[in-house]
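**Q** Sequence first, then the predicted structure:
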Amino acid sequence: MKLIWYGHSAFRVEQDDVVALIDPFLSGNPKWDGGWEDAAEGVTHVLLTHGHNDHFGDAVEIGLATGAQMVANAEIVGYLGKRGISSDRLNVGNTGGTVDCGGFATTFVNALHSSSYRDGDQTLYMGHPNGLVLRFDDGRTLYHMGDTDIFGDMALINELHAPEIGIVPIGDRFTMGGERAALACRRYFDFAKIVPCHYGTFPLIDPDAGKFTSAMGEDAVKVMVPDIGVAFEV
């Protein structure tokens, strides 16, 4: 599986015939100045954990330009439909549900956060925030936690899905910080690889992954701190 991190929580995931963008905050992302066009080349799916602008990002533009399948909760899918994305490309789910995406399935799991979208002078409710568990046809499983704090039912997510790869927010203030993120990974999961995110983007959150990798202790060998825009294998 190949990943590319575009800063914040935006990832490109390539596995077999699947090219998925998760939380495509590209235009306006302080850590990425490449726009969305190159990142969206060949994209087959766009997945959204929640509606905040720094996660929803360029979803509409990418959806209209590429014909990608859009995978999100009911409120976000409804908004995408109003913005001109055809219903046959909207794959709706919600917390606890699993949807077939073609090449993989996505399960919507809980996240402790909020979700709204600023559209001009309006603030729109975008439903409950989620983490997303992607199970590919070859059995590999990736868990993008979205924006969240630690919570005890992470143990159930591991029991039900046994994710191999974890994409974990660590930046503090708006999500769990490095120490609590490390506690979540070490107590509740048996990840083979862990990719930290949601740090270094804005001055209010932690600038780097140092607190997280330090708190991971002997399990720090599982952590992959990627370079922005550089593909890496997991």
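**A** Structure received. Residues are numbered from 1 along each chain as shown.

**Q** can you pull out the helices in the chain?
**A** For the chain, applying DSSP state H gives helices covering 53-56, 59-66, 74-82, 154-161, 178-188, 210-215.

**Q** Tell me which residues of the fourth one come out buried.
**A** Applying a neighbour-count criterion of 16 or more other CB atoms under 10 Å, one finds 154, 157-158, 161 buried in helix 154-161. Heads up, the C-betas are built off the backbone N, CA and C, glycines and all.

**Q** can you tell me which of the residues you listed lies nearest to Thr175?
**A** Met154 (13.7 Å; CB to CB).

**Q** these two touch, right, the closest one and Arg186?
**A** No. With contact defined as CB atoms under 8 Å, Met154 does not reach Arg186; the gap is 11.1 Å.

**Q** picking up where we left off before, now for the buried residues of helix 154-161: which two are most distant?
**A** Distances among the buried residues of helix 154-161 were taken as CB to CB; the most separated pair is Met154 and His161, at 10.6 Å.

**Q** For the nearest residue to Val109 once chain neighbours are set aside, report the pLDDT, please.
**A** Leaving aside its sequence neighbours, Val109 sits nearest to Gly131 (CB to CB, 6 or more residues apart in numbering; 4.6 Å). The predicted structure scores Gly131 at 99 on the pLDDT scale.

**Q** Kindly report the same for Ser115.
**A** pLDDT, Ser115: 98.

**Q** so it sits right up against Leu48, yeah?
**A** No. Look at Ser115 against Leu48 with CB under 8 Å: they stay out of range, at 9.6 Å.

**Q** More neighbours: those two, which one.
**A** Leu48 (27 against 24; other CB atoms under 10 Å).

**Q** State the distance from that one to Leu80.
**A** 9 Å (CB to CB, to the nearest Å).

**Q** now do Phe151
**A** Using CB to CB, one gets 28 Å for the distance from Phe151 to Leu80.

**Q** From what I see, Val18 and Gly103 are in contact.
**A** Yes. In terms of CB under 8 Å, Val18 counts as a neighbour of Gly103; the distance is 4.2 Å.

**Q** shared neighbours of the two, which are they?
**A** For the pair Val18 and Gly103, residues contacting each of them under the criterion CB atoms under 8 Å, 6 or more residues apart in numbering are 44, 136.

**Q** any idea how far Leu160 is from the closest residue to Asp17 other than its chain neighbours?
**A** Ranked by CB to CB, 6+ apart and with sequence neighbours excluded, the top spatial neighbour of Asp17 is Gly103, at 5.6 Å. When CB to CB is applied, the distance between Gly103 and Leu160 equals 21 Å.

**Q** still on that earlier bit, closest to Val43 out of the buried residues of helix 154-161?
**A** Distances from Val43 to the buried residues of helix 154-161, taken as CB to CB, are shortest for His161 (24.1 Å).

**Q** Using CSV, list the CA coordinates for stretch 218-232.
**A** The C-alpha trace of stretch 218-232 is given here as CSV (Å, rounded to 0.1, in the frame of the first residue of the first chain):
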residue,chain,number,x,y,z
GLU,A,218,9.7,1.0,22.6
ASP,A,219,6.8,1.1,20.1
ALA,A,220,8.2,4.1,18.4
VAL,A,221,9.7,1.7,15.8
LYS,A,222,6.1,1.4,14.4
VAL,A,223,5.8,5.1,13.8
MET,A,224,6.4,6.5,10.3
VAL,A,225,6.7,10.3,10.2
PRO,A,226,6.3,11.0,6.5
ASP,A,227,7.6,13.9,4.4
ILE,A,228,4.9,16.0,2.9
GLY,A,229,4.1,15.1,-0.7
VAL,A,230,6.5,12.1,-0.7
ALA,A,231,5.1,8.7,-1.4
PHE,A,232,5.9,5.9,1.1
